[in-house]
Structures are given as structure tokens and as C-alpha cells.
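Peer 1: Just need the structure, nothing else, for what follows:
(chains A and B)
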Amino acid sequence: MQCLKCGKEFDNFYECPLCSEVWRKSGRFTRIFTKTEDVLLNLFLALMVLMVLAQILMRNFFQSGILGGDDLIRHLVLWIAFFGAAIATRSNSHVKIDVITHLAGEKIRKTIDVAVSFFSCLVCAILVGASCHFVIIEFEAANHSQFLNLPVWTMETVMPLGYLVIAVRFALNGIRGIKDMGREMIP
Amino acid sequence: MIALLVGIISVMALLGAPVFVVIAAFAMVGFHYADIPFAALVVDTYNKFASNPVLYTIPLFTFAGFILAESRASLRIVNFSRAILGWLPGGFAIVALAACAFFTAFTGASGVTIIALGGLLYPALIKEKYPERFSLGLITTSGSLGLLFPPSLPIIIFGVVGETSINQLFAAGLIPGVLLIVLLGMYSTFVGFRSEVVREKVSMPQIIRTTWEAKWELIIPVIVAVGIYGGFVTLGEMATLIVIYSLIVEVLIHREIKIRHLPAITNQSMVLVGGILIILGAALALTNYMIDAQVPMKILEAMQTVITSKWLFLIGLNVFLLIVGCVMDIYSALLVVVPLIMPIALSYGIDPVHLGIIFLTNMEIGYSTPPVGMNLFISSFRFNKSVPALYRAAVPFLIILLIGLMLITYIPDLSLWLITHFGIR
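Peer 2: Numbering: from 1, shown residues only, chains lettered A, B, ... in the order given. Predicted coordinates for the structure are as follows:
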């Protein structure tokens, strides 16, 4: 298939020549982590399709439904959204308005990238705090979902986790940028 | 202090900080000065996600669109349209328009259209002796054509953010969408005559053969229309059925997508979805702050002294939205701007569905306008042309789309006739 970022043909996700650079350079932990992320994302989507399908079949043939099925489906959107966004941070494909980066030279672009990464990391760190606060409030409220009687707060944990992964990735990207610049200065 | 913070965030936005970070940062500044705890930043996000009944169609339709884009469905659809329309002068250009519209409706104008179809259509246009500049402009501007057709992602998002009936929006987009294709098609015919392009003969066996080959894909719009307007299934169920249908067609019947490719397709499509939904999350918080601070009301009060009539307002709206479309991508614009202009437009007596169609048409044009029209960058990348060359190539098409925009804006019936005539709710 074709890579959306670089347009090159590749067969396996991790062999996209441009976008897998980070993947090839990464260590064992990062590889296991990214692989797990991908597998879970696939599972969530598959689960969502199966749940909706099950709902349609049950309603039409048995005049019943899965208790709290809709609740699960809506929460799956939340999980897919945060996993997708975390993976988007990994491959640096977030939506942005980059007018200046198209005009700037290589060196300035790298400096800009470092500044932007740390700024984004800071904002996401505040979001981690905010969503932790939210989950704690929900934990204390102790509401339960109709689906399997799960406590609602467990389904919300993806928000702080997702923002945390995104924040860490921005930080790592910034640090990598600084290292690169340092290496260029000391030949 | 507040000015300094806003300044820093704005600079970061221009330097290429992700849109969701920028929006969240603005919301934080607002919440901080209004003494609202930051937990409120995520409450709205969560509530919208946990209560909205159509949000889950977004990952599903996108996934189905990517499946179709990865298979050779594009080739089959082009062959089919060519057999039907190839005899017209400018026929193949119209084929390109129709095929792009079909794909954009399913992939949500994410650049997938240009990537998936550009490589097929551009060389073919050149081979049929269409001018190079015309061909480039055509492919570039067509990358967002089809935004107005169901089940396009931007329509669904407008419905979610503007709390407007998605079924009505789907119906409202049909005539304006066809209008834009017809206008561009007329221009293509003109260029086709002028540059004496190759015209094909009508061949009945050819039509039958290509129709038969593309039958599985051609039936999809029919399923969508019948399913939704026949009232058999909800939009979400429709999305699921389309996912399963496209999997069966492309994986089991055509066997063009291997099962081992599916994880990569899921990944690419869900990265796009995650990228949009996380902006939605941040935008919900910012919107809530702005409505709390009565920003739309203040803008409205200031405007009412200058702009007195509905028609004057529509002119202003178009100018404003074209500027927005030039500097923002469609999803950020939808999520940030719609909640602001919706109450204002309502107070000028504009139908929310009509507003949606006007909004999306503006964004469609904004996709190909300098300086940050996404289609220009994707084309420049895909066809190895400089961005300024594409600016020039896009100009005639933009002029035609602007004429279409005028018609859509000032003849509300183009959007609303189907709804009132068939009583769609």
C-alpha cells in the first residue's frame, strides 16, 4: 500500500521508507510499546464493528440487545481517538498550520521543531493533570456503566494515559532535536 | 500577562504547533482567567464522546474509505465513467471529476483522493492531450470535490458540532455538489474543444463490461441512500454495514487487499481519525469557554450596527469563511468556527442546514487556495511540481468554484428544496 505521508509504496507498515526511520532507530521497549499500541487500536476497531453488528442482528432477529452495548461503542470511540492521536504524535502527522516551516531553511526548521515540541509537551502535561483530576472526580462519584457493570472511571482512564503518551513523545522529539543540533555543532 | 500568553500561543501556532495543542492552550488561558478548574477542559470532551450517537460513524466510514482507496476500486470506477462519458469533448476530465467526487465522499477530503487517484488520472489526462496546467489544476481542486456528498466526514462533523440533522445535511448537499461538478464539467468541455482532445466512441459492450466489473463499488452509494432515506437502519449501523461490505468485496471477492494489510490500513485511517477527534476534544472546551464568555453575542452586537440585512451578512460570511479556509484546515475550521457563527447566522434568519452547505463549499475552495490549501501541498508532493506552479494551475478552477459558491449562497433552495419537497427530517 501507499504511505500517506511520503506516498511511497510499501508492503508492511514498518517498512515505509520515510516514516519508519524513527521505528528503525528505536530500542526494544519502544518497539514493543508501539506494536502493542497498534494491536490494541486494531482490536478496538474490530470490537466496535462486531458490537454494532451484534446489536443489529439481536434487534432484528431476537428483538433484544446487548445491555449497555451503545455505551461501550461510544467509549470505544474515545479509546480509538486517543490511541489514534498518540500514534499520530509518533509519526508526527498531527494537523497543523505550517506556513513558516515551508519557507524556512533546514537549520531554522530544526530549532523551530524543538521549541514547538516542548511547548506541545507542556500543554499536554497540563491536560494530563486536568484529565487525572476528572477521572478522580468520577472515581469518587462511583457511577457504573450498564455494560458489564464496569465503573465509568475505568473507561475514562484512556484520557490521562493518552495525553501522557502524547506529552512524552513530544518531549522525546524535542530532546532528539537538541541532540541532533548538538552533534552538528561539534563535528 | 494575558496578552503575552496569547502572543506566545499564536506564534507557536504559526510555527507549526499541532492545532489541538494550540486550541487547548487558548482554552487553558481562558479557563485560568475565569477561575474555572482545568478539569473542565476534559469534561465537555468526555460528555460529547459518551453521549453523541453519531460520533462512532467517523472511524467506521473513514476505515471503509481507506479500504476502497487501497484496492483497485478507483481503476474500476474510472473505467466505468470513461465508458459512459468518454464520448463528450472533455469527457475524460469529467470522468476525473466524478471519480474524485466519489472517493472524497468516502475518504473525507483527507488527501487520500489525490494520492489514490492522482497517479492514475494525471498521466491519463496528459496522454489524451489535455494541457498540463489544466490537468494539474483539475486534479488539485478535485481533491476536495465530493465534500458535499454523503457520507462525507466533514458533513457529519458539521452535524455533530452544529447540532443539525445529518440526514438533512446529506440531502441538502446533493444538488449543490452536482452543480459544482456540472460547472467544472462545462469548463472541461470548453478546454477539451479548444485543445482537441481524443474523443472515444460509445461502445455498448464496453459499457456493459465496465459496469459489470465495477458493480460491487457502484452499488455502495445506492446502499447508503436506500438505507438512510428508507429508514431501515441508523447512520451508525449503515457505517458498520459499509465497512463489512467493503471488506467482503475487496478482501474476499476481488482479493486485492490481503488480510495482512488490514492492520496497516486500520493504522493509517485511525491516525487520521484520532488527529481529528483530538482537535474536537480541545475545541469543545474552547467553545464552551467562548459561549460562557458570550463571545458570539458580543460579535453579533458589534455586527448588527453595520450589517443590517441577511444578504449583506451572507456576503460578509463568505468573505470571512474564504479567509478562514485559506489559513485553516477544514476540520479545525469546522470545530472552532461553526459554534461561533451558528448563533449569529440563526439570528439573521439563515437556515442551519443552508449554513452548513455554504460553510462546506467555502472550505472546499479553501482546500486549494494559497497559502495553506492542503491540496496544493499534496499535489506538489505527489506530482513533483513547485507550489507556485500549482497556484497558477488552480486559478481558473477557483474562479469557477467561486461562481458556484455564489449560486449556492444566494439561492437557498438549491440546498433546501430536496428537504422541504421530500420532508426529510
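
Peer 1: thinking B:Arg72 is in contact with B:Ile257, fair?
Peer 2: No. Here B:Arg72 lies out of contact with B:Ile257, judged by Cβ atoms under 8 Å, at a distance of 9.6 Å. C-betas here are computed from N, CA, C, even on glycine.

Peer 1: quick one, what contacts the closest residue to chain B within chain A?
Peer 2: Here chain A gets closest to chain B at one residue, A:Gly84, 1.9 Å apart by Cβ to the nearest Cβ. Contact analysis of A:Gly84 by Cβ atoms under 8 Å, 6 or more residues apart in numbering or on different chains lists A:41, B:270-275, B:277-278.

Peer 1: ok, those residues vs B:Ser380, which is closest?
Peer 2: B:Leu272 (20.1 Å; Cβ to Cβ).

Peer 1: Show the backbone phi and psi for B:Asn384.
Peer 2: Phi and psi for B:Asn384, reported as degrees, to the nearest 10, are phi 60, psi 40.

Peer 1: how about it, what does it touch?
Peer 2: No contacts exist for B:Asn384 under Cβ under 8 Å, 6+ apart.

Peer 1: Give me the pLDDT value at it.
Peer 2: The score at B:Asn384 is 77. That number is its pLDDT.

Peer 1: separation between it and chain A?
Peer 2: B:Asn384 sits 10 Å away from chain A, going by Cβ to the nearest Cβ, to the nearest Å.

Peer 1: now do B:Gly185
Peer 2: Counting by Cβ to the nearest Cβ - B:Gly185 and chain A are separated by 28 Å.

Peer 1: tell me which element that residue is part of?
Peer 2: helix B:166-194 (DSSP states H and E).

Peer 1: pLDDT of that helix, averaged?
Peer 2: pLDDT averaged over helix B:166-194 gives 91.

Peer 1: Could you look up the next helix or strand downstream of it?
Peer 2: helix B:204-213.

Peer 1: Next, the buried residues of that following helix.
Peer 2: Across helix B:204-213, burial judged by 16 or more other Cβ atoms under 10 Å in any protein chain shown covers B:206, B:210, B:213.

Peer 1: again, but for stretch B:78-90
Peer 2: B:78-86, B:88-90.

Peer 1: contacts for that stretch?
Peer 2: Stretch B:78-90 is contacted from outside by B:91-92, B:94-96, B:98-99, B:117, B:120-121, B:124, B:185, B:188-193, B:197, B:199-203, B:206-207, B:209-211, B:213-214, B:218, using Cβ under 8 Å, 6+ apart.

Peer 1: run the last query once more with 7 Å
Peer 2: With contact meaning Cβ atoms under 7 Å, 6 or more residues apart in numbering or on different chains, stretch B:78-90 is reached by B:91-92, B:94-95, B:98-99, B:120-121, B:188-189, B:191-193, B:197, B:199-202, B:206-207, B:210-211, B:213-214, B:218.

Peer 1: can you give me the helices in chain A?
Peer 2: Applying DSSP state H to chain A gives helices spanning A:21-25, A:28-62, A:69-90, A:100-103, A:106-141, A:152-156, A:158-185.

Peer 1: can you put these in JSON lines and add mean pLDDT and distance to B:Asn318?
Peer 2: Putting those into JSON lines (pLDDT from 0 to 100; distance: least, Cβ to Cβ, whole Å) gives the following:
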{"stretch": "helix A:21-25", "mean pLDDT": "62", "distance to B:Asn318": "42"}
{"stretch": "helix A:28-62", "mean pLDDT": "89", "distance to B:Asn318": "38"}
{"stretch": "helix A:69-90", "mean pLDDT": "91", "distance to B:Asn318": "32"}
{"stretch": "helix A:100-103", "mean pLDDT": "68", "distance to B:Asn318": "27"}
{"stretch": "helix A:106-141", "mean pLDDT": "92", "distance to B:Asn318": "33"}
{"stretch": "helix A:152-156", "mean pLDDT": "89", "distance to B:Asn318": "41"}
{"stretch": "helix A:158-185", "mean pLDDT": "91", "distance to B:Asn318": "36"}
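
Peer 1: most tightly surrounded among those?
Peer 2: helix A:69-90 (a mean of 24; mean count of other Cβ atoms under 10 Å in any protein chain shown).

Peer 1: Identify the residues contacting residue 159.
Peer 2: The chain I'm using is chain A. Contacts of A:Met159 (Cβ under 7 Å, 6+ apart): A:82, A:131, A:135, B:42, B:46.

Peer 1: Correction: the question concerned chain B.
Peer 2: Here B:Gly159 is in contact with B:54, B:165-166, B:169 (Cβ under 7 Å, 6+ apart).
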